[in-house]
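**Student:** got a structure for you, letters missing:
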């Protein structure tokens, strides 16, 4: 009787001891393969030209609300796009209004942002002056935004968006990678 009881107790103990614990295992993120940096010239009938990555595509914005010379640089492998919106500048007041619009778009991210850092961009040889905004925060919808102008006739605004649920902590390597491409765009930007 005691042996049966001990055997039954041992089997019962083993069956309970081998149950899974209720601790969930974190989901792993996929390895992100980043392509080699290589650029091509965008030189179409637009008031600006620049070099953009060969691993992207340039698509004119065809939405009903789009204005002339608006476009997207599509990062297909990363499910992202850099939306570009262009405005011709007629006077100083109009330029000031575009600056304020750009800041307003950045500040809309404040509820989800943990920090917003602005970085001046000055490339006098190409007459390119602007600001690059780094929007930090796990759920910020657009981690990078910028504007560039010649301070006289042209204003170009850009915003990076991903077609995935915002989780900028896990997207950080991709965001850093695309930031290099945006910086290259600044350096190669020329106005017509």
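**Tutor:** Structure received. Quantities reported herein were computed from a predicted structural model and do not represent experimental measurements. Residues are numbered from 1 along each chain as shown.
**Student:** Name the SS class of the residue at minimal distance from the centre of the chain, please.
**Tutor:** Among the residues of the chain, the one closest to the centroid is residue 160, at 3.6 Å (CA atoms, centre = their mean). In terms of secondary structure, residue 160 is strand; the call rests on DSSP: H, G, I helix; E, B strand; the rest coil.
**Student:** so what's it closest to, chain neighbours aside?
**Tutor:** Once its chain neighbours are removed from consideration, residue 160 has its nearest residue in residue 144; the separation is 4.3 Å (CB to CB, 6 or more residues apart in numbering). All C-beta spots, glycine's among them, are computed from the backbone N, C-alpha and C.
**Student:** The one you found contacts residue 180, correct?
**Tutor:** No - under the criterion of CB atoms under 8 Å, residue 144 is not in contact with residue 180, lying 10.9 Å apart.
**Student:** Give me the mean pLDDT for the single longest helix found in the chain.
**Tutor:** Residue-count comparison of every helix in the chain, with assignments taken from DSSP state H, identifies helix 168-188 as the longest. Computed over helix 168-188, the mean pLDDT rounds to 91.
**Student:** List the buried residues for it?
**Tutor:** Buried positions in helix 168-188, judged by neighbour count with 16 or more other CB atoms under 10 Å: 168, 171, 174-175, 177-179, 181-182, 184-186, 188.
**Student:** Which single one of these is nearest to residue 56?
**Tutor:** In terms of CB to CB, no member of those lies closer to residue 56 than residue 181, at 7.8 Å.
**Student:** how about stretch 115-128: buried residues?
**Tutor:** Along stretch 115-128, the positions that meet the burial threshold by neighbour count (16+ other CB under 10 Å) are 116, 121, 127-128.
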